[in-house]
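**Student:** Let's see this in three dimensions:
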Amino acid sequence: MLLRVRVTLPDRPGTLGQVARTLGVSGADIVQVVVLERLGGRAVDDFTVVWPGAARVERLLAGLAAIPGVAVDGVWRAIGAPTTTGQDAELLAQIAANPTDGVATLVDAVPGLLGADWAVAAAVPLDWASRSGAAGEATVGYASWRAPVPPRLPGVTPLRARAMTGPDGRHYAVVPFGRAGLVLVVARDHTQPSVAAAFHSTEVDRLAQLVRAGAVILGDRLDLVGAPPVTSVT
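**Tutor:** Reported below is the predicted structural model:
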């Protein structure tokens, strides 16, 4: 199976090689490495690896923890290898070619782009922001494959792109379309023994760029998104 492994490590020569060797010794076959951040002498890297299904993830975690200065931010099952901005452009081209299904296309694609479990496009009440994230009704327009029914949405003030973690440990990235109260919610579920990492700021920025571009392409079509109400969680 594919696993996503996120580590924070010292940004100095040799440390990345140590992490890669440890992954290999533990039985992981590295598919891709994505650098999410380099700041203040530290780096945050995402490794996508092929992991033997019968092997215990604890072995991998123990090996990484033994490297000085390395911290494991999360290990979770991936539905595909990380994609680059080239796939972002292809997604926007698909939306432009078929705007009628544009929101559904976006919702269906973003879990794979961001190593998430599911996504929904939901419309929230116009006074949601004034409630300071209090519980209220939201209507789900589109939901991706594997989205729970009904999806449990975070009680948020959807005025800006942001990452958050719910009381159940589920991680969210939430981005407003800036129209009709429509918000894109992307989630990573909290499942043992693997524990997903929270959405990094670079992932939230990437999602926000996709949503902004999609909103420009779709325009008035965003006003048509809507479905039965579901209850949000605080």
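**Student:** helix or strand right after the helix or strand hosting residue 95?
**Tutor:** Assigned by DSSP states H and E, residue 95 belongs to helix 85-97. Per DSSP H and E, helix 85-97 leads on to helix 102-114 as the next helix or strand towards the C-terminus.
**Student:** tell me which residues of the helix or strand harbouring residue 17 are tucked away?
**Tutor:** Taking DSSP H and E as the criterion, residue 17 maps to helix 15-26. For helix 15-26, the buried set under the neighbour-count rule, 16 or more other Cβ atoms under 10 Å, comprises 15, 16, 18, 19, 20, 22, 23, 26. Placement of C-beta: from N, CA and C, glycine included.
**Student:** Same question for stretch 120-127.
**Tutor:** Quick answer for stretch 120-127 (16+ other Cβ under 10 Å): 120, 121, 122, 123, 124.
**Student:** Just say helix, strand or coil for the third one.
**Tutor:** Following DSSP: H, G, I helix; E, B strand; the rest coil, we place residue 122 in the strand state.
**Student:** For it, give the beta-bridge partners.
**Tutor:** The partner list for residue 122 in beta bridges (DSSP bridges) reads residue 140, residue 183.
**Student:** Residue 9 too?
**Tutor:** Beta-bridge partners of residue 9, as defined by DSSP bridges: residue 43.
**Student:** And the contacts of the lengthiest helix in the chain?
**Tutor:** If you go by DSSP state H, the chain has its longest helix at helix 201-218. With contact meaning Cβ atoms under 8 Å, 6 or more residues apart in numbering, helix 201-218 is reached by 36-37, 85, 88, 91-92, 95-96, 99, 102-103, 106, 110, 113-114, 161-163, 173, 175-179, 184, 186, 222.
**Student:** What's the ChimeraX line that selects buried ones from those residues?
**Tutor:** One line in ChimeraX is enough to select the buried members of the contacts of helix 201-218, burial here meaning 16+ other Cβ under 10 Å:
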select :36,88,91,92,95,102,103,106,110,113,114,161,162,163,173,175,176,177,178,184,186,222
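**Student:** Residue ranges in the protein under the pLDDT threshold?
**Tutor:** Within the chain, the stretches with pLDDT under 70 are 54-55, 80-85, 126-137, 156-158, 192-194, 226-234.
**Student:** biggest strand in it, by residue count?
**Tutor:** Ranked by residue count, the top strand of the chain under DSSP state E comes out as strand 29-39.
**Student:** buried residues in that strand?
**Tutor:** Applying a neighbour-count criterion of 16+ other Cβ under 10 Å, the buried positions in strand 29-39 are 31, 33, 34, 36.
**Student:** Could I get the CA-only coordinates of it as PDB?
**Tutor:** Extracted C-alpha coordinates of strand 29-39, given in PDB (Å, rounded to 0.1, in the frame of the first residue of the first chain):
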ATOM      1  CA  ASP A  29      10.200   1.900  -1.200                       C
ATOM      2  CA  ILE A  30      10.300   5.700  -1.800                       C
ATOM      3  CA  VAL A  31       8.100   6.900  -4.700                       C
ATOM      4  CA  GLN A  32       8.300  10.600  -4.300                       C
ATOM      5  CA  VAL A  33       9.700  13.400  -1.900                       C
ATOM      6  CA  VAL A  34       8.000  16.800  -1.700                       C
ATOM      7  CA  VAL A  35       9.600  19.600   0.300                       C
ATOM      8  CA  LEU A  36       6.800  21.600   2.000                       C
ATOM      9  CA  GLU A  37       9.000  24.100   3.900                       C
ATOM     10  CA  ARG A  38      12.500  25.200   4.600                       C
ATOM     11  CA  LEU A  39      12.700  27.800   7.400                       C
END
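**Student:** Cool, thanks, signing off.
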